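Asks: below are the sequence and a predicted model for it; my questions follow.
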Amino acid sequence: MSPPKYKGIIFDIDGVLKRGSTPIPGAAETVRKLRGKGLRIVFLSNLSTKSRRQYVDILRNKIGIEVSPEDLVLATSATADYVAKNSSTGKVYFVGHQGLREELESHGLKIVDDPEEAEFVVAGSPFDEKGYVTEENRWKFTGAIRAILLARAKFVAVNPDKLFPGPDGKPIPGTGTFLGAITAATGVEPVIVGKPSEEIYRIALEKIGADPSEVIMVGDQLYTDIIPAKKLGLTTVLVLSGLTKKEDLEKLDAETREMIDYVFEDVRGVLKLVE
Ligand SMILES: [Mg+2]
């Protein structure tokens, strides 16, 4: 018998394991079966607002998957990790929500109120789920510009996502909209740590401890999940339970289509690859 081909799987969370707060049918059972086959499973999310502690709760209570913080690679925690590794003073001017603040602080970084003290500007989304700038973030456009222009702070962002569907289905701005404003004012482009940056995939591969050729990426979006994972040499699975629909596949050019190794209706299809 030949040794198993795959050692680990990276699961995108939204559109793959859940939609909003509704679990995708079979998600918990599929993860349990894959773990039963000895595969190391890592969960990945690009959201700029939530910490690992919050995601442990969501996966456990909403989807029924038992996880520890060690199983999670989030854009928030990966960004905190990146800044902690590259900082000398640890002083951060922070834009965003509580979950990101929690990750920055748990990585030993210090949040400063005075932009001119900052070594880094770390940006998540300053907007709430209805598209309003939150009270805490009201002055952050000005603060971030001053940190970059006056203190030469380095500019780092959790993700580049410009728009999301709001609760009524109409667009609301995300982190990328904030980044665009700050870049327009300062001429400085941020370093992006979350998807589609390779940085977050490298962290996930390190956690699994396997070669890219031994790892499967399961996602619902081409630009953030499939393309960067394929470029790093992972096997790619596109599921149709999230943002990409069957009709979208027919419109793809040949080069992009080739980056998708397998297409399944939902997450249960992944079991076929390890039987
Ligand atoms: Mg997704």
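Replies: Looks like it arrived, so ask away. Small disclaimer: the values here were computed from a predicted structure and weren't measured.

Asks: report the contact partners of the residue in the stretch 151-275 of the chain that the ion sits nearest to.
Replies: Nearest to the ion, among the residues of the stretch 151-275 of the chain, is Asp220, at 4.4 Å (C-beta to the ion). To be clear about C-beta, it is placed using only N, CA and C from the backbone, and glycine gets the same treatment. Residues near Asp220 by C-beta atoms under 8 Å, 6 or more residues apart in numbering: 12, 14-16, 238-244.

Asks: which parts of the chain sit against the ion?
Replies: 12, 14-15, 220 (C-beta under 5 Å from the ion).

Asks: look up phi and psi at the residue of the stretch 151-275 of the chain closest to the ion.
Replies: Backbone torsions of Asp220, given as degrees, to the nearest 10, read phi -110, psi 0.

Asks: not counting sequence-adjacent ones, nearest residue to it?
Replies: Gly242 (2.7 Å; C-beta to C-beta, 6 or more residues apart in numbering).

Asks: what ranges does the stretch 101-250 of the chain have for its helices?
Replies: Using DSSP state H, counting those that start in this stretch, the helices of the stretch 101-250 of the chain run over 140-150, 175-186, 198-208, 227-231, 246-250.

Asks: Throw these into TSV and include mean neighbour count and distance to Ala80, thanks.
Replies: Shown next, in TSV, are the helices of the stretch 101-250 of the chain (neighbours: other C-beta atoms under 10 Å; distance: least, C-beta to C-beta, whole Å):
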stretch	mean neighbour count	distance to Ala80
helix 140-150	20	17
helix 175-186	19	15
helix 198-208	19	11
helix 227-231	20	20
helix 246-250	10	34
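
Asks: is it possible to export these to CSV including mean pLDDT and distance to Lys85?
Replies: As requested, these are arranged in CSV below (pLDDT from 0 to 100; distance: least, C-beta to C-beta, whole Å):
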stretch, mean pLDDT, distance to Lys85
helix 140-150, 98, 20
helix 175-186, 98, 21
helix 198-208, 93, 11
helix 227-231, 96, 20
helix 246-250, 94, 37
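
Asks: follow-up on the earlier one: may I see the PyMOL selection of the buried members of the residues of the chain next to the ion?
Replies: Buried subset of these, written as a PyMOL selection, criterion 16 or more other C-beta atoms under 10 Å:
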select buried, resi 12+14+15+220
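
Asks: if you look at the residues of the chain next to the ion, which of them are in helices?
Replies: With helices taken from DSSP state H, there is no overlap with the residues of the chain next to the ion.

Asks: pLDDT score assigned to the residue nearest to Asp220?
Replies: Note on Gly242: pLDDT of 91.

Asks: my guess is it contacts Ile13, does it?
Replies: No. With contact defined as C-beta atoms under 8 Å, Gly242 does not count as touching Ile13 (10.0 Å).

Asks: which non-adjacent residue is nearest Lys118?
Replies: Careful, residue 118 is Ala; it's not Lys. Spatial nearest neighbour of Ala118, excluding adjacent residues (C-beta to C-beta, 6+ apart): Tyr93 at 3.7 Å.
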